[in-house]
Structures are given as structure tokens and as C-alpha cells.
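**Student:** Build me a model from this:
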Amino acid sequence: MKTLTYINLAIAVVVGLCCCYQVLFTLIRVRGLGRRFKERSLSRFAVLIAARDEAAVIGQLIDSIKAQDYPSELVDIYVVADNCTDSTAMVAASRGVTVYQRRNKIQVGKGYALEFLLSKIAQDKPEGTYDGFFVFDADNLLDPHYISEMNKVFSNGCPVVTGYRNAKNFGDNWISAGYGMYFLRESEYLNRPRDYLGTSCAVSGTGFLFSAKLLEKVGGWHYYALTEDLEFTLDLVCRGEKISYCSTAVLYDEQPTGFKQSVVQRARWMRGLMQIMGKNGGSLLHALFGSGSFA
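**Tutor:** Reported below is the predicted structural model:
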């Protein structure tokens, strides 16, 4: 019994030490600490939207992008209608954006759709046309200052930037509110302190920006896991790249309202995490013990 007690105590100490950084992070957020940026230049962006049967919502996202206070001639919108069975492509095209249709029942997932979309842009546009690429989900909405605020960080030499992901339907019920609180914590109590301390933030699904130079550096988009955002984050961390955070760039994301829907989504996230740890676990350990990087 004493042996079990010692084992339990050792586990408790390890877990406690692993959570100590949260105290520091909370103090940083409560004191309102964070980096501030001034816009150094105007960048040209391509917006990437991977959509599958999103006819009901994609028009609202495109409208919110077109309503940005950033110069419209510097923002081009691209949609990949990925294995769609509805009018997603037609709705997007009616808004005057470039639409590509993809049919592939073998390579299924957002990661493959983004790779397809980037390859189409590379074919149709001269090299160096865009400074950076935004990634959004079709059910997102953007604050009118979103792109301007992201560009402030990006134009200061930050190759990857993630924004403040908020809940579009926070008040629907306790499930959507719980998701909203989760992303509030992730944005303001994890990513903001990480950015202030000079370590790397994490990309979370949607609402992020990466530079064309970074894409070339990593050899193109090759992130196909169920959680391609986490795969992208871990690959950058292992390479020593830093993801920055912009607290003033607010994106609104639709959250689940049903418990079954939430469980299915969380189970998919965990399967994706297991995929990535199997693929990148060794690289992560090497980055941790080889470079001592807290990221």
C-alpha cells in the first residue's frame, strides 16, 4: 500500500508542476500584459475557405470579409467546394469570389482541401502574388477590423498569427457557452501569455494567417490529420518557428449546441491528437530536450 501511495504522490507532484505555468499565465492576463504592434506596411492576402455543404452560411462569411476596413484590392477570396452535394459553390460564386470544386472520396478532410486550393492558386497566380494566406471555416464571421489588426502583427515580421476565436452562438445553451469559455481561455489565458513571454502560441482550427515565405520554407501544405491545425502547430514548434497572437483580431465561430454533436467532435479531436502524437511525438521530445524550448 505504501508503494501505491508513493506512486500516487509522485504522479500528483508531476501533474502539479506541469500546471504551475498556468498561475503565471493567469497573472499575465489579469494584469493586461501583451505585445502591441503598429502597422508597418500593407500586405496582400489570399483568403482560403474549405467548405463542404455550407450553402446556408458561407455567404455570411464572404460578406463579412468584404466588409473589412482593410483595402479590398489587397484581399482575394478563394473557396474550395469540397465534395459538396448542395449549392455551396453557386452561393460563393454569386458573391464574386473564386471557386474551385473538388471531388475526391479517398483523400477526405480539410487538410487535403487546403492543399488542393493552394495548388490551384499557385497554378493561376504568378509566384509572389500574395504575402500571406488566411484560413477560415465557412461558418465563421469576422469583426470589421479583423484583417487590419492581424496585419499589424504580420507586418512586423511574424510569419504565423492567430486571432481571438470567440463563439458566434454563445448564448444558445450551456454547451455552446462551454465552448465559448474554452476558446476564451485558449485565446486570452494561453495564447496571450505565450506570446508575451516569447514562446509559441497554438493555431486552433480556424482564424489564422501564415506567410507565403513560411509555406515555401516548410515545403508546402502537407497537414492531413483529423486535427490539421494541431499538426501544423506541432510541425512549426519542432522547426523552431513561433506562432504569434493578436488579441484585437476577433473571429466568431459557430459552436455545437447538442451534447451528441459535442461528443462526436471531441472524439474526432482526440483521434486526431493520437494520430499526431504517433507521427510527431519523437520530434516533440527532441525539440523539448534538444533545444529546451518551452513551446
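**Student:** Which residue ranges of this structure form helices?
**Tutor:** Listed in chain order, the helices of the chain (DSSP state H) span residues 2-30, 58-66, 88-94, 110-124, 146-154, 174-184, 192-197, 212-217, 228-238, 259-291.
**Student:** For Asp131, which of those helices is the nearest?
**Tutor:** Across the helices of the chain, Asp131 has its closest neighbour in helix 212-217 (6.1 Å, C-beta to C-beta). The way it works is simple: take the backbone N, C-alpha and C, and place the C-beta from them, glycine included.
**Student:** got the contact list for the nearest residue to His145 once chain neighbours are set aside?
**Tutor:** Leaving out its chain neighbours, the residue that sits closest to His145 by C-beta to C-beta, 6 or more residues apart in numbering is Asp69, at 5.8 Å. By C-beta atoms under 8 Å, 6 or more residues apart in numbering, the contact set of Asp69 is 144-145, 148.
**Student:** Okay, Asp69 and Thr248: tell me how far apart.
**Tutor:** 13 Å (C-beta to C-beta, to the nearest Å).
**Student:** Please apply the same query to Thr206.
**Tutor:** If you go by C-beta to C-beta, the gap between Thr206 and Thr248 works out to 17 Å.
**Student:** Which one of the two is surrounded by more residues?
**Tutor:** When Thr206 and Thr248 are compared on other C-beta atoms under 10 Å, the one with more neighbours turns out to be Thr206, at 21 against 17.
**Student:** for that one, what are its contacts?
**Tutor:** 135-137, 140, 165, 229, 251, 253.
**Student:** Next, the angle from the lengthiest strand in the chain to helix 58-66.
**Tutor:** Using DSSP state E to define each element, the chain has its longest strand at strand 243-253. Angle between the axes of strand 243-253 and helix 58-66 is 130 degrees (criterion: axes from the mean of the first three to the mean of the last three C-alpha atoms, to 10 degrees).
**Student:** Mind checking the pLDDT average for strand 243-253?
**Tutor:** Per-residue pLDDT over strand 243-253 has a mean of 96.
**Student:** Extract the CA atoms of it and return them as PDB.
**Tutor:** What follows is strand 243-253, C-alpha atoms only, in PDB (Å, rounded to 0.1, in the frame of the first residue of the first chain):
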ATOM      1  CA  ILE A 243       3.200  31.500 -33.800                       C
ATOM      2  CA  SER A 244       2.100  35.000 -32.700                       C
ATOM      3  CA  TYR A 245      -1.200  36.100 -31.200                       C
ATOM      4  CA  CYS A 246      -3.400  39.100 -32.000                       C
ATOM      5  CA  SER A 247      -5.900  39.800 -29.200                       C
ATOM      6  CA  THR A 248      -7.700  42.600 -31.200                       C
ATOM      7  CA  ALA A 249      -8.500  40.400 -34.200                       C
ATOM      8  CA  VAL A 250     -11.800  38.800 -33.300                       C
ATOM      9  CA  LEU A 251     -13.400  35.900 -35.200                       C
ATOM     10  CA  TYR A 252     -16.800  34.400 -34.300                       C
ATOM     11  CA  ASP A 253     -17.200  30.700 -34.800                       C
END
